[in-house]
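Asker: model the structure of this input:
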Amino acid sequence: MNSAFIFPPVTPRPVRSVLGEIPYTSLGITDAHNHVWIDPIPGADGAAPVLNQYDAIRTELRLYRSGGGASILDFQPGGCGRDGRRLVQLSKDSGVQIIACTGFHRQKYYTPGHWLFSASSQAVTEYFSDELSQSLEETRGQVETVRAGFIKVALEANWKSTPLAALEASAEAARASGALVAVHTEKGTLAEKAVIFYQQRGLAPQQLVLCHVDKRPDLSLHAELARYGVLVEYDTFYRPKYEPETRLWPLIEGMVKLGLSHRVALATDMAEARMYASIGGGPGLASLPVEIKRRLHKMGIPEHAVQQMLGGNIARRLAGLD
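Answerer: Numbering: from 1, shown residues only. Model (predicted):
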């Protein structure tokens, strides 16, 4: 009997960038978790980041592009500062492929009483699904509409404080569409619970990315999650309080040695303007394709593993592949 008939190959989906659909093989070096544009939100947490200096952000993206970066996943969902119209123009002006998200962030980043956290699961599912299949809310009726390329959700520090209806909605929208779900964890907390939650609602582990888990540098846990099929995302390269030299870099080396480089995605998560080279004199977006890539090579990590972690893995997941 032909085994290919029993297990037919998965056909990769095109990746939805803000400028339209593209093949996953064209993503190149990709920052798997970042923030490109964040408008201020009245009434939100006073410490909420703002990134709305167009010319400086355009310069930053061009530096990223000239350094070898090709694509970026933008993790700012609707209602807390996202502007798909700005993402379109920045992508055109810089040559960087930007993939926008639907979903929700932590509640403190929204105007108090935002509808998303009191609505029914069905209403939120419809909202997420519409942004995936039709248009982001802010580009509806525009000449150039933008569709979300993945779903971002944010867990709070404990499960009780996390909006369950919105979480349920993300699972339903992802199950129906096949979209990737990227889960913000608070320093890796609740990572295992999130995997169980989505598994019980019909999602394959290959649809899940667990973000910021390098803040919980437990190699055995990461290996277990990776072997199960989840993609783990690391991004504390330039956050000294998380001690990247003694935690993050050894974690990357450990995962590679275990043969799990195909389950790791690297990012820089520069939501704060101070981290942008063109705004605050920080390391900047170009640090991923330049400094981080150089160090991975210096460590002796095989080229195929470098390519996987710097874009190949997240590209495949966006396309619905393992």
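Asker: which stretches of the stretch 101-250 of the chain form helices?
Answerer: 121-133, 164-177, 191-200, 219-228, 248-257 (DSSP state H, counting those that start in this stretch).
Asker: ok, now which ones touch Val181?
Answerer: By Cβ atoms under 8 Å, 6 or more residues apart in numbering, Val181 lies in contact with 103, 150-153, 170-171, 174, 198, 203, 207-209. Backbone N, C-alpha and C define where each C-beta goes, glycine included.
Asker: which of the helices of the stretch 101-250 of the chain sits closest to Val96?
Answerer: Nearest of the helices of the stretch 101-250 of the chain to Val96, taken as Cβ to Cβ: helix 121-133 at 21.2 Å.
Asker: helices or strands up against the closest one?
Answerer: If contacts are counted by 3 or more Cβ pairs under 8 Å, 6 or more residues apart in numbering; DSSP states H and E, helix 121-133 sits against strand 101-103, helix 164-177.
Asker: what does the longest one contact?
Answerer: Counting contacts by Cβ under 8 Å, 6+ apart, the residues outside helix 164-177 that touch it are 102-104, 116-117, 119-125, 127-129, 132-133, 151, 153, 179-181, 197-198, 201-203, 207.
Asker: again, 6 Å this time
Answerer: Applying Cβ atoms under 6 Å, 6 or more residues apart in numbering, the contact partners of helix 164-177 are 104, 121, 124-125, 128-129, 132, 151, 153, 181, 198, 201-203, 207.
Asker: try stretch 271-287
Answerer: Applying Cβ under 6 Å, 6+ apart, the contact partners of stretch 271-287 are 35, 49, 51, 53, 56, 59-60, 63-64, 67, 238.
Asker: with adjacent residues omitted, what lies nearest to Glu211?
Answerer: If you look again at residue 211, you'll see it is Cys, not Glu. Glu233 (4.7 Å; Cβ to Cβ, 6 or more residues apart in numbering).
Asker: need the helices of the stretch 101-250 of the chain in JSON lines (columns: mean pLDDT and distance to Arg13).
Answerer: JSON lines is the format used below for these (pLDDT from 0 to 100; distance: least, Cβ to Cβ, whole Å):
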{"stretch": "helix 121-133", "mean pLDDT": "98", "distance to Arg13": "11"}
{"stretch": "helix 164-177", "mean pLDDT": "98", "distance to Arg13": "10"}
{"stretch": "helix 191-200", "mean pLDDT": "98", "distance to Arg13": "19"}
{"stretch": "helix 219-228", "mean pLDDT": "98", "distance to Arg13": "22"}
{"stretch": "helix 248-257", "mean pLDDT": "98", "distance to Arg13": "26"}
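Asker: out of those, which gets nearest to Ile98?
Answerer: If you check each of the helices of the stretch 101-250 of the chain against Ile98 by Cβ to Cβ, helix 121-133 wins as the nearest, at 15.1 Å.
Asker: quick one: buried ones out of the contacts of helix 164-177?
Answerer: Neighbour-count burial (16 or more other Cβ atoms under 10 Å) applied to those gives 104, 121, 124-125, 128-129, 132, 151, 153, 181, 198, 203, 207.
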